[in-house]
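> Pasted the sequence and its predicted model underneath.
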Amino acid sequence: MTHLWVRAESRANEDRVGITPEGVAALIARGMTVTVEDSPRRVLPTDAYVRAGATIVPEGSWPTAPDDAIIFGLKELPEDGTPLRHRHVMFGHAYKGQPAGQALLRRFLAGGGRLYDLEYLTDDTGRRLAAFGYWAGYAGAAVSLKAWAAQQRGGLCGPVHAYPDKTLLQDELRAQLDATGQPRPHALVIGAMGRVGTGAADLLVAMGVPVTRWDMAETAHGGPFPEVLAHDLFINAILAQPGAPVFVPASAVAPGRRLTVIGDVACDPSSDFSPIKVYDRTTTWDQPALRVADNPPLDVVAIDNLPSMLPRESSEDYAGQLLPVLSDLDRIDDGAWGRAGGLFDKHAKGLTQT
């Protein structure tokens, strides 16, 4: 019998969850066992999982789970270096040469466990089966506009927080933009046809921001892209991957540009394939904007768990996409799960050969 263990998230400002109580009930009806860790921060209350039929266990107890349990979470595990003996379903960020990702892979090798990375759950054409992209783009565009508004006040964007729903976020942001007394900035979204770009563009349009939308056709020539520097605001919705063009070169910090805010929603600065070359680290909820130039200012917003700013909408959306895939966990060696496991095996083997 397949045993899914839903762990509590240990990361600060992470209130999302990848399965709803209704999803838990559906898996139990299929014959699965579902254990859910208690969490005071999770946006969906533990009591709802109780009513769905899940077994509730203490927060952070997954290391003691039975060997055959499949541990399911979203963001990073505590970086304590302990070997990982279970099968884990999570966003590993481990396949693009990231230092933390390499350390994670070594923990799996040491413990004999296996990673099924949520980012690489795809159909047989390579299309992702579930993604938080829309809400990442939505929230990323919102924080980028907050950074622009802060610049108009002569400052740097202050701390951000989670919102009960998108309406409250919109109302607060609209008031901040109106208070600047300035016309709305002009924005460029690259990757506008994807989930991330669509979410970003939807938020920008809702705020009255003129949006230029680019996708593969506009970037096919490989660069350079002076048009990026001719906009006030640039939202990158393209993942770092081999062959990705550079949209913002290191030289962009020089004067002579209109661009003052970059929202790197894809947010992978430690990858060699990052298309944004003016910064080298992610930003945080407490310090959401990194100033990389002063005259004129250039701020980068690069928060890597943006959808958690709208945890209810993003959790319910993602969980709905993922549930059909979770329903196939009893065939973990086949289909999307088999492909994800094979990718782990490939990268783990590469690590042992270096």
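It's in.
> so where's the longest helix in this protein?
Using DSSP state H, we find that the single longest helix of the chain is helix 133-152.
> Could you check how far it is from the centre of its chain?
14 Å (Cα atoms, centre = their mean, to the nearest Å).
> Would you mark the buried spots in that helix?
For helix 133-152, burial by neighbour count (16 or more other Cβ atoms under 10 Å) applies to 133-151. Every C-beta, even on glycine, is put in place using the N, C-alpha and C of the backbone.
> Averaged pLDDT, it. What do you get?
Mean pLDDT, helix 133-152: 98.
> and that helix, what does it pack onto?
helix 166-179, helix 195-206, strand 233-236, strand 261-264, strand 289-294, strand 297-301, helix 311-326 (3 or more Cβ pairs under 8 Å, 6 or more residues apart in numbering; DSSP states H and E).
> Dump these into a markdown table; add mean neighbour count as well.
A markdown table is the format used below for the helices and strands packed on helix 133-152 (neighbours: other Cβ atoms under 10 Å):
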| stretch | mean neighbour count |
| --- | --- |
| helix 166-179 | 15 |
| helix 195-206 | 23 |
| strand 233-236 | 29 |
| strand 261-264 | 29 |
| strand 289-294 | 18 |
| strand 297-301 | 25 |
| helix 311-326 | 20 |
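> could you redo these as a markdown table and give each row mean pLDDT and distance to Gly53?
Output for the helices and strands packed on helix 133-152, formatted as a markdown table (pLDDT from 0 to 100; distance: least, Cβ to Cβ, whole Å):
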| stretch | mean pLDDT | distance to Gly53 |
| --- | --- | --- |
| helix 166-179 | 98 | 31 |
| helix 195-206 | 98 | 32 |
| strand 233-236 | 98 | 42 |
| strand 261-264 | 98 | 41 |
| strand 289-294 | 98 | 44 |
| strand 297-301 | 98 | 41 |
| helix 311-326 | 97 | 15 |
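> Dump those to JSON lines, plus distance to His93.
Listed next are the helices and strands packed on helix 133-152 as JSON lines, based on distance: least, Cβ to Cβ, whole Å:
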{"stretch": "helix 166-179", "distance to His93": "26"}
{"stretch": "helix 195-206", "distance to His93": "16"}
{"stretch": "strand 233-236", "distance to His93": "17"}
{"stretch": "strand 261-264", "distance to His93": "15"}
{"stretch": "strand 289-294", "distance to His93": "19"}
{"stretch": "strand 297-301", "distance to His93": "18"}
{"stretch": "helix 311-326", "distance to His93": "17"}
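> so which of these comes closest to Val34?
helix 311-326 (9.8 Å; Cβ to Cβ).
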